[in-house]
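Peer 1: Below are the sequence and a predicted model; questions follow.
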Amino acid sequence: MAPSASEAQRSRLHVRRLHHSGPAPFRVLVVGDQSAMQGLADRVLDRVWLSTRRGVDIDVLGDLKPALHAVDRAFEQWRLGRYEAVVLVVDDRLESPLRVRTVHRLKEVLRQVLADTAGDSRVIVAEIATPHRDGGRHAGPVPSRVERAVRTLDVPRVTFCGDEGPAHPLAEAVTDEIRATLHAAGPDPAARRRAQPDDEAERQRALDELGIVGAAPDPRLDDLVELARTAFGTESAEINFIDRDQQWKMAVAGSERRPNPRAHSFCTHTIERAEPTVIADAATDPRVRDSPLAQGPDAIRFYAAHPIESEDGYRIGSFCIYDSEPREPDEVNLEVLRDLALLAQAQITGVDAPPVGAAAVGRAS
């Protein structure tokens with residue numbers, strides 16, 4: 001049987017995920033051929049963090065060929081609107097095999113990206129341009145293909161001359177555009193998009209493709225939850241996955257490794273939004289007070305968790321800590337909890353880099 005359009009598309013999009021520790025994290029998508037980007041995403045990660053001191057998550061799609069070859073709706077399933085900024089890196093050097101051949105083709109790609117972001121993300125075009133022999137930029141007196149393509153689409157464009165060595169100036173220019181997005185007035189539409197529950201069928205598909213439900217325990221994940229239990233001083237910590245009508249425990253510390261019905265689970269509330277979930281007292285919280293887990297002599301009273309995501313950004317589970325006594329929400333360092341969740345996510349997905357400057361690593365050393 002031939003793969004569906006969405007399956008074929010996903011097989012052509014390969015992600016690398018980068019994280020930097022910090023509060024109020026925001027997300028950036030960088031799309032472009034990895035050989036042309038010269039570590040651009042890594043530099044942008046560091047520069048944005050240094051200039052904002054906020055957490056940063058960058059997804060890198062390192063192959064622009066599907067888009068340049070006009071694959072129908074190549075980014076549609078990637079849900080571009082969940083990113084604060086989408087950076088499209090276009091190599092327009094004459095000798096590049098990924099050089100944009102026509103203005104019309106690049107306009108098609110840009111229109112598709114703009115449609116898929118639905119106005120929720122800032123779209124930035126980063127051009128690697130061909131220099132003139134006198135050292136000037138290809139985008140000088142004669143407009144480049146990229147310049148002509150973006151001229152009528154109201155898309156910011158930053159340019160880097162291909163013979164200037166490592167793309168430090170391009171990283172600086174992209175960072176400036178991202179900072180302008182973050183400093184814009186008004187509510188953040190990308191954050192609102194991430195605050196919505198995932199499509200359940202797609203979320204379940206992402207979990208099924210990982211093949212981790214029912215897998216043998218991973219000692220490295222058990223070590224992480226034990227670290228969390230010690231660091232936060234809670235009775236228990238777990239890594240859980242929400243699978244159809246069950247909550248499965250992949251790693252546990254201070255508890256039993258048995259599944260719970262999803263209807264009773266606290267973690268099913270965690271996967272409804274991208275931010276951490278904190279329940280100060282389960283006995284009074286309307287989300288969980290009727291759960292059997294919040295009642296009886298072994299009741300959970302305090303709970304805090306951060307979601308764990310699949311490669312394509314669906315919330316498949318959580319990294320949680322909990323206790324039999326209520327606590328004040330500000331007793332939990334949510335940056336540390338996020339770092340631990342990202343460390344687990346990196347181990348589970350195999351596409352995430354551990355968070356740079358992770359508070360959890362510092363606390364554990």
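Peer 2: Right, received. Where do you want to start? No experiment lies behind these values; they were computed from the predicted model shown. Residues are numbered from 1 along each chain as shown.

Peer 1: Tell me, how many residues neighbour the spatially closest residue to His19 that is not a sequence neighbour?
Peer 2: Closest residue to His19 apart from its sequence neighbours, by CB to CB, 6 or more residues apart in numbering: Pro355 at 4.0 Å. All C-beta spots, glycine's among them, are computed from the backbone N, C-alpha and C. Here the count is done by other CB atoms under 10 Å, and Pro355 has 27 residues near it.

Peer 1: can you tell me how far Pro355 sits from Ala149?
Peer 2: For Pro355, the distance to Ala149 (CB to CB, to the nearest Å) stands at 36 Å.

Peer 1: With Ala274 instead?
Peer 2: From Ala274 to Ala149 the distance is 32 Å (CB to CB).

Peer 1: what do you get for Thr130?
Peer 2: Taken as CB to CB, the span from Thr130 to Ala149 is 15 Å.

Peer 1: For the two, work out which one has more neighbours and name it.
Peer 2: Shown here are Thr130 and Ala149; by other CB under 10 Å, Ala149 has more neighbours (27 against 19).

Peer 1: Is that one part of a helix or strand, or is it coil?
Peer 2: helix (DSSP: H, G, I helix; E, B strand; the rest coil).

Peer 1: returning to what we had before: which residues sit in contact with the residue nearest to His19?
Peer 2: Counting by CB atoms under 8 Å, 6 or more residues apart in numbering, Pro355 makes contact with 19-21, 338-339, 342-343.

Peer 1: go on, Leu337?
Peer 2: Counted by CB under 8 Å, 6+ apart, Leu337 has contacts 228, 232, 276, 304-306, 319, 321.

Peer 1: Could you do Tyr303 as well?
Peer 2: Counted by CB under 8 Å, 6+ apart, Tyr303 has contacts 266, 277-279, 282, 288, 320-323.

Peer 1: next one: Thr117
Peer 2: Neighbour list for Thr117: 80-81, 83, 86, 123 [criterion: CB under 8 Å, 6+ apart].

Peer 1: and what of Leu61?
Peer 2: Leu61 is in contact with 13-15, 29-32, 78, counting by CB under 8 Å, 6+ apart.

Peer 1: Can you say which of those residues are buried?
Peer 2: For the contacts of Leu61, a burial check counting by 16 or more other CB atoms under 10 Å picks out 13, 15, 29-32, 78.

Peer 1: roughly how far apart are the closest residue to Val332 other than its chain neighbours and Thr230?
Peer 2: Using CB to CB, 6+ apart and skipping the chain neighbours, the partner closest in space to Val332 is Ala304 (4.8 Å). Per CB to CB, Ala304 is found 15 Å from Thr230.

Peer 1: do Gly350 as well
Peer 2: As judged by CB to CB, Gly350 and Thr230 stand 26 Å apart.

Peer 1: With neighbour numbers in mind, choose between these two.
Peer 2: For Gly350 and Thr230, the more surrounded residue by other CB under 10 Å is Thr230, and the numbers stand at 13 against 9.

Peer 1: List the buried residues of the helix or strand harbouring the more buried one.
Peer 2: Thr230 belongs to helix 219-232 when assigned by DSSP states H and E. Buried positions in helix 219-232, judged by neighbour count with 16+ other CB under 10 Å: 221-222, 224-225, 227-229, 231-232.

Peer 1: Redo those as a markdown table? Include distance to Ala191 and pLDDT.
Peer 2: As requested, the buried residues of helix 219-232 are exported to a markdown table (distance: CB to CB, whole Å; pLDDT from 0 to 100):
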| residue | distance to Ala191 | pLDDT |
| --- | --- | --- |
| Leu221 | 29 | 96 |
| Asp222 | 33 | 95 |
| Leu224 | 27 | 96 |
| Val225 | 28 | 97 |
| Leu227 | 29 | 96 |
| Ala228 | 26 | 97 |
| Arg229 | 30 | 97 |
| Ala231 | 27 | 94 |
| Phe232 | 26 | 96 |
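
Peer 1: how about the strands in the stretch 1-150 of the chain?
Peer 2: Assigned strands in the stretch 1-150 of the chain, in chain order: 15-20, 26-31, 56-61, 85-91, 122-129 (criterion: DSSP state E, counting those that start in this stretch).

Peer 1: burial count for Pro354?
Peer 2: Neighbour tally, Pro354, other CB under 10 Å: 16.

Peer 1: you'd agree Ala305 is in a helix?
Peer 2: No: assessed with three-state DSSP, Ala305 is strand; it does not lie in a helix.

Peer 1: ok, it - contacts?
Peer 2: Counting by CB under 8 Å, 6+ apart, Ala305 touches 266-267, 270, 276-277, 318-321, 337.

Peer 1: Which ones among those lie within strands?
Peer 2: 277, 318-321 (DSSP state E).

Peer 1: Report the buried members of these.
Peer 2: The neighbour count (16+ other CB under 10 Å) marks 277, 318-321 as buried among the ones in strands among the contacts of Ala305.

Peer 1: Including distance to Arg193 and pLDDT, could those residues go into JSON lines?
Peer 2: Below are those laid out as JSON lines (distance: CB to CB, whole Å; pLDDT from 0 to 100):
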{"residue": "Thr277", "distance to Arg193": "18", "pLDDT": "97"}
{"residue": "Ser318", "distance to Arg193": "20", "pLDDT": "98"}
{"residue": "Phe319", "distance to Arg193": "22", "pLDDT": "98"}
{"residue": "Cys320", "distance to Arg193": "24", "pLDDT": "98"}
{"residue": "Ile321", "distance to Arg193": "27", "pLDDT": "98"}
